[in-house]
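> pasting the structure only:
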């Protein structure tokens, strides 16, 4: 599984950033402003003479953790809400879903922008904004799954035994609807990284001197002609991370899909 | 609040045996929603006034074609569906008005076995924990005792206790149905509603499960509400049989009466339509009904069967026949019950 | 005896190139005759029918045998020629009519399409014939149904439409795979009645696949019993029900609850066949039925028995067909 490999490597690199980085990420060196890649600075230096490789490695920590925690946050909110809405049905369901529909109707970037503008710039707020944008996706996905299995006989059987609604939800429904959520979450990390980069690019994400890949692209953009390596490095990092997350999602989908598993067993 | 009726102490009219279940005037209408704001545009009259009682240790078979409401009767009896009207008394207590919470202890008395053993078992739970769940839910057993109880249940339904750790997909249809039966037996219920429990199984497995169910009834004194479209199976296992058509009972009585001496034209047609595994009787006179079962959202006026009945007359179109009881509790809902 | 309309010899079908789902199956069906393929799920009866028209799912493949229709071996024909036979000379009816009809096309179009395709009829002629066919299968309100869509019809009506489609080109052979299993008994009686009537009118040969012994008794001329991919017995219908020779056939017949057998003196146990159908992956060697058979001995474990004649037109693959009868007496 290429996706798992890429994501695993990225996580490892992020974790080992202090060990792997040749320089401190914020060590300013005025003698090497915007110097091209060399043996000294493998990916060159930025406008303040900081080593881009080191910043990239430390940026991985922030970018990845922002992406992952945004997804965790939205799953933690979206899954229970979708679960309850789907199982309860009726007015609860109508209400929750109409609210989520109206969130989905807005373009994600515009919405994230508005929310982080209201909350104020900063990586934490950006992460919260991204999480809010993604909540309806998970809620809707899980609601659809719940609707498709809630009339299965084993749910009825559990109810006829007298199992409480909460136990039905968490013991019988959740384990049977969670695999598409896992897939979606993996794909969602990629989406969150892009959104975070976009917010940082606009200046609503990580604030200097801390930097994520997105904010690195932002600063580098002014030197596009002067120092192309400066913009290429974080862009490639974002690209690889998103690609890895998507591949991981696809891989998980194939791995978790019960139909494919069944087909494999039958033959 | 309904007044306590004279029979609600659990003794039937026939007096001898106490009743495990008494159903009176049961109705279940499902709303049909349509339009922009999901307005209710009509009702499906799935069950429309059904009354019967079931003495302890007996089996009442419900037969009828798809859409006649027999499964809905079963689910409403177990309060998996809320009845629109009527009463369901389990062991003398009306369960239709109880809250879900108040109902929980009563759920121990009634259980269900479903048709499709592939969808009735949670694919993510081991079969052992599926059977254990009712015991845990009702706080009947825990720890070591729980495992022992589940093992005993497994043995009772013809499974090996070592199989407890397996997942449903590792079992065949017949074995899964055994697991479902073990789950139903776990809480030692008085009543088991069996909704087409053998129709999804192969013939050779069907016989095994029917035998198992009959043995369990003998050993444990269970009462069954046995819902099936297969008349031969119902005839074998039931003491009394109710024939349903479009939400109401067309004929009900002891199985010998209903099978040997059917009085309702629908029962007769149903019986004669069943292909018999005997080529010598191939050319027997068969009543072939015309047309389809009408939609339960718009049932025919008067007698619901009149649109397909060869005896139908003007009166049938206007007036719905009563389910009138005759000798031995053999009741028929037909204006011409005595003529044919 | 007339020449067979369809003749299958030594058919073998494998899944994944490893598991034999059908092994060495031979039978034939004559014009105007109904042959029932009987067996439980997984015995290979449906797969056999699908392999006749080469409609097998991608994992399955016919690896040996011949299927003769009109003197040509269907298994050797190129796809283009087989397409001319499908629906034209050999028609198939499936269990679930809803999934075999296109939900987005009108009923009329779907029936007419068959004739426009196979017989090169004009649109008008095909539609007129479609209306006629719906009359034949006794659909009320033909003009309305012609312009209607599958979801507007009941299960019984849909199966009638399927039957009308099957009859469109007056096929010589109809393969009916559990055509009434999804239907209620009263509707089933209508459909089987119709099928028999059509057969008499057009002399169609019918292969009826079912697990319902009642349907077999009432519709078959000959019975082919399959178990774990093998034919284990073949007999004329009367003979089969009176003297089933294979222990499996006998077990099946005995395990059926009989309608009208109710006795007031309490319940009677059914005779059950112990054990269960073996999984494809681990078929026992020798006779596949031996683990469940009360008469099995050493030889049953080792070798699949040859087909021996046990009566007129009656063959069975069992090492001990006589032991059964002695036991009965």
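Great, that's in hand. As the structure is a prediction and not an experimental result, all values here were calculated from the model.

> tell me which parts of the stretch 1-150 of chain C are close to chain A?
Proximity of the stretch 1-150 of chain C to chain A, by CB under 8 Å from any CB of the partner chain, involves residues C:15-16, C:59. For the C-beta atoms, the positions are set from N, CA and C on the backbone; glycine is no exception.

> ok, 10 Å please
Residues of the stretch 1-150 of chain C lying close to chain A by CB under 10 Å from any CB of the partner chain are C:15-16, C:18-19, C:57, C:59-60.

> which one among these gets closest to residue A:227?
Nearest to residue A:227 among these: residue C:59, at 56.7 Å, using CB to CB.

> measure the closest residue to chain C within the stretch 1-150 of chain A to residue B:121 for me?
Residue nearest to chain C within the stretch 1-150 of chain A: residue A:148 (18.3 Å; CB to the nearest CB). Residue A:148 sits 17 Å away from residue B:121, going by CB to CB, to the nearest Å.

> Residue B:334 too?
Per CB to CB, residue B:334 is found 42 Å from residue B:121.

> the helices in chain B, which residues?
Here chain B has its helices, by DSSP state H, at B:70-77, B:100-107, B:127-137, B:143-156, B:173-185, B:203-220, B:231-237, B:255-260, B:265-273, B:314-318.

> In CSV: those helices, plus mean neighbour count, distance to chain A and mean pLDDT.
Conversion of the helices of chain B to CSV gives the following (neighbours: other CB atoms under 10 Å in any protein chain shown; distance: least, CB to the nearest CB, whole Å; pLDDT from 0 to 100):
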stretch, mean neighbour count, distance to chain A, mean pLDDT
helix B:70-77, 24, 8, 92
helix B:100-107, 14, 4, 88
helix B:127-137, 23, 4, 93
helix B:143-156, 15, 14, 92
helix B:173-185, 25, 7, 93
helix B:203-220, 20, 16, 91
helix B:231-237, 24, 19, 91
helix B:255-260, 20, 27, 90
helix B:265-273, 22, 26, 90
helix B:314-318, 14, 37, 88
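
> Let's have those helices in a markdown table, adding distance to residue C:138.
Below are the helices of chain B laid out as a markdown table (distance: least, CB to CB, whole Å):
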| stretch | distance to residue C:138 |
| --- | --- |
| helix B:70-77 | 28 |
| helix B:100-107 | 48 |
| helix B:127-137 | 47 |
| helix B:143-156 | 51 |
| helix B:173-185 | 36 |
| helix B:203-220 | 31 |
| helix B:231-237 | 25 |
| helix B:255-260 | 30 |
| helix B:265-273 | 16 |
| helix B:314-318 | 24 |
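
> which one of the ones you listed lies closest to residue C:75?
When the helices of chain B are compared by CB to CB, helix B:203-220 sits nearest residue C:75, at 31.3 Å.

> same for that closest one, what does it pack against?
Applying 3 or more CB pairs under 10 Å, 6 or more residues apart in numbering or on different chains; DSSP states H and E, we find helix B:203-220 packed against strand B:59-63, helix B:143-156, helix B:173-185, strand B:191-195, strand B:223-227, helix B:231-237, helix C:247-254.

> if you count residues, which helix in chain C comes out on top?
Assignment by DSSP H gives helix C:185-202 as the longest helix of chain C.

> Let me know the secondary structure of residue 116.
No chain specified, so I'll use chain A. What DSSP: H, G, I helix; E, B strand; the rest coil gives for residue A:116 is helix.

> if you could check chain C rather than the one you did, that'd help
When the rule is three-state DSSP, residue C:116 gets the label helix.

> Tell me the bridge partners for the residue nearest to the spatial centre of chain B.
The residue lying closest to the centre of chain B (CA atoms, centre = their mean) is residue B:227, at 3.5 Å. When bridges are called by DSSP bridges, residue B:227 pairs up with residue B:62, residue B:195.

> was I right about it contacting residue B:198?
No: contact criterion CB atoms under 10 Å: residue B:227 and residue B:198 do not qualify, at 11.1 Å.

> so what sits against both of those two?
Common neighbours of residue B:227 and residue B:198 are listed as B:113, B:115 (criterion: CB atoms under 10 Å, 6 or more residues apart in numbering or on different chains).

> hmm, back to that, how about the residue nearest to the centre of chain B, what does it touch?
Counted by CB under 10 Å, 6+ apart, residue B:227 has contacts B:60-64, B:70-75, B:113, B:115, B:193-197, B:199, B:234, B:242, B:244.

> for the record, mean pLDDT for the host helix or strand of the residue of the stretch 1-150 of chain A closest to chain C?
Assigned by DSSP states H and E, residue A:148 belongs to helix A:123-149. Averaging pLDDT along helix A:123-149 gives 92.

> which parts of it are buried?
By 16 or more other CB atoms under 10 Å in any protein chain shown, the buried positions in helix A:123-149 come out as A:123, A:125-143, A:145-147, A:149.

> Could you identify the helix or strand that succeeds that helix?
Sequence order places helix A:153-161 as the next helix or strand after helix A:123-149, per DSSP H and E.

> what about the helix or strand that that following helix is followed by, near chain B?
Next helix or strand after helix A:153-161 toward the C-terminus (DSSP H and E): helix A:165-167. Yes: with CB under 10 Å from any CB as the criterion, chain B is reached by helix A:165-167 at A:165, A:167.

> Which helix or which strand is home to the nearest residue to residue A:250 once chain neighbours are set aside?
Closest residue in space to residue A:250, ignoring its immediate chain neighbours: residue A:3 at 6.7 Å, by CB to CB, 6 or more residues apart in numbering or on different chains. Counting by DSSP H and E, the element that carries residue A:3 is helix A:2-15.

> for that helix, what is the average pLDDT?
Rounded mean pLDDT across helix A:2-15 is 87.

> from the chain's centre, how far out does the next helix or strand after that helix sit?
Next along the chain after helix A:2-15, taking DSSP H and E as the criterion, comes helix A:17-20. Mean-position distance between helix A:17-20 and its chain equals 23 Å (CA atoms, centre = their mean, to the nearest Å).

> Can you name the residues that contact residue C:81?
Residue C:81 sits next to C:72, C:74 when contact means CB under 10 Å, 6+ apart.

> Where does it fall, secondary structure wise?
helix C:79-85.

> hmm, back to that, now for the residues of the stretch 1-150 of chain C next to chain A, which pair is the farthest apart?
The most widely separated members of the residues of the stretch 1-150 of chain C next to chain A, counting by CB to CB, are C:18 and C:57 (15.1 Å).

> pretty sure residue B:44 is in contact with residue B:295, am I right?
Yes: if you go by CB under 10 Å, residue B:44 and residue B:295 touch, sitting 8.1 Å apart.
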